[in-house]
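In: sharing a model prediction with you, sequence too.
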Amino acid sequence: MLRPALIALLVSAAPLAAQADPLAGGIAAMERWDLAAARTLLTEAVRRDPGSYEANWRLAHVLVDLGKVVPDSLPDAARDSLYALAESYARRGVAANPDGADGHFVLANAIGRVALTKSKRERVEGAVEIRNEALKALGLDPTHA
């Protein structure tokens, strides 16, 4: 009888813990693939600490994943704005920690996704930056995938 009560208490305490530390809550939400919760929590983490490398690159990653829900072959303004927002947060993350492989990896991904919304010429122009960011990520962590 005590065991179900303890489980209920722990489950009800989880949202409180996420509010106390939105970065940890956002990471946990990412791990269970709850992108909506991760976005909310990581947005709060960035609001509390705009210079947080971890919060910025993780929020960018979540935004890219949310954008991928809609196929790139279909025009979608909401998806495109998610990609643009992801690029912005990824750039903030890289600025906060230029030596973080995750930031460069997510930035390359976000720039690539934004490029899909551009003309062919703009895509080609963006390819250099995408390549450079991907190479920076691999240079910082050769095992990064």
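Out: Cool, the structure landed.

In: of all residues in this protein, which one is nearest the centre?
Out: His61 (2.1 Å; C-alpha atoms, centre = their mean).

In: what helix or strand is that residue located in?
Out: Counting by DSSP states H and E, the element that carries His61 is helix 53-67.

In: now do the contacts for the nearest residue in space to Ala37 that is not next to it in sequence.
Out: Here the nearest residue to Ala37 in space, its sequence neighbours aside, is Ala29; by C-beta to C-beta, 6 or more residues apart in numbering that works out to 4.0 Å. In this view, the C-beta of every residue, glycine as well, is placed from N, C-alpha and C. Neighbour list for Ala29: 18, 35, 37-38, 41 [criterion: C-beta atoms under 8 Å, 6 or more residues apart in numbering].

In: one more time with 7 Å, if that's ok
Out: When contacts are counted by C-beta atoms under 7 Å, 6 or more residues apart in numbering, Ala29 is found next to 37-38, 41.

In: same thing with Asn132?
Out: No contacts exist for Asn132 under C-beta under 7 Å, 6+ apart.

In: check what pLDDT it gets.
Out: On pLDDT, Asn132 comes in at 97.

In: return the set of buried residues in the helix or strand in which it is found.
Out: Using DSSP H and E, Asn132 sits in helix 120-140. Buried residues in helix 120-140, counted by 16 or more other C-beta atoms under 10 Å: 126, 130, 133-134, 136-138, 140.
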